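K.L.:
Next comes the sequence, and after it the predicted model I'd like to discuss.
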Amino acid sequence: MKTIHYIYIVGLVATVFFVEYDLTRRTELRENLAQKSQQKEVVSTPVAVTAVPILFDQGENNEIKKKFVAKFKAESLQMAQLQNDPEEVQSRLKLLAKEMSTQDVDGMFEIISDDKKDGDQRALAIELLSLRNDTASLLALQNFVGNSKNINGTKWDRKRELETVLRAQAVESIATFPQKEIAISTLSFLQNKVDEKFLSDRIGRAAASLNNGTPTLQQQDDAALKKLLE
């Protein structure tokens, strides 16, 4: 069972900066590998970064949308509280993810891409997109990671911890896509698009984990955090 991303989001904040300690060394290795890979056929991503998705539909599904939004807001309010039964929370979120329509996915993209929104809501939106695990949700996550600006026009600043953590969470969600080949192709597309060193490195390590069976990003984070606390 996948671990609920927002449960360890605080730990990820600390780990982000620890992981950067050896980024320079890993970046050099990655660049060497990238030069070799350029000699191979480039695999195009199955989905492409597009403009901001449309807003929620105002038609006959408006009542369904309202019910979903109400449940979403209720869940986000519980995120700051101690969860006594993580498995029960996970089951609840899975059911909520199944209720999402295409318009709901668009709405989740808008939330995660708006740096003026509440951080708990943004983290929960990424989790729901990850649990939905279909092409539409993958596209939303890809757009979020690949866009250098948020939907309100604010350029992503690496110094803002939450922005970095949310994008790291989105990368991990992409890596859990059930069709491994699509996940790898999407990560490869993003690595060619993203210039920021930390995020590009994280994308590369996620792809390497899928290709080579190395520890997942969460496992790497857990190990790094454990070492940091020693």
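P.N.:
Looks like it arrived, so ask away. Being a predicted model, the structure only gives us computed values, none of them experimental. Residues are numbered from 1 along each chain as shown.
K.L.:
Tell me if I'm right that residue 157 and residue 167 touch.
P.N.:
No - Residue 157 is not in contact with residue 167 according to C-beta atoms under 8 Å; the separation is 11.6 Å. In this view, the C-beta of every residue, glycine as well, is placed from N, C-alpha and C.
K.L.:
between those two, which one's more packed in?
P.N.:
For residue 157 against residue 167, the residue with the higher neighbour count under other C-beta atoms under 10 Å is residue 167, and the figures read 25 against 10.
K.L.:
mind listing what the more buried one touches?
P.N.:
Neighbouring residues of residue 167 by C-beta atoms under 8 Å, 6 or more residues apart in numbering: 144-145, 156, 199.
K.L.:
I'd like these as JSON lines, with pLDDT appended.
P.N.:
As requested, the contacts of residue 167 are exported to JSON lines (pLDDT from 0 to 100):
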{"residue": "144", "pLDDT": "95"}
{"residue": "145", "pLDDT": "94"}
{"residue": "156", "pLDDT": "77"}
{"residue": "199", "pLDDT": "89"}
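K.L.:
quick check, nearest of these to residue 75?
P.N.:
Out of the contacts of residue 167, the one with the shortest distance to residue 75 is residue 144. That distance is 19.4 Å, counting by C-beta to C-beta.
K.L.:
Run a quick check on that closest one versus residue 109, I expect a contact.
P.N.:
Yes - with contact defined as C-beta under 8 Å, residue 144 and residue 109 form a contacting pair (6.6 Å).
K.L.:
Pull up the overlap in contacts between the two.
P.N.:
Counting by C-beta under 8 Å, 6+ apart, residue 144 and residue 109 have no contacts in common.
K.L.:
Which one's more surrounded, those two?
P.N.:
Summary of the neighbour comparison: residue 144 and residue 109, criterion other C-beta under 10 Å, with residue 144 having more neighbours (28 against 24).
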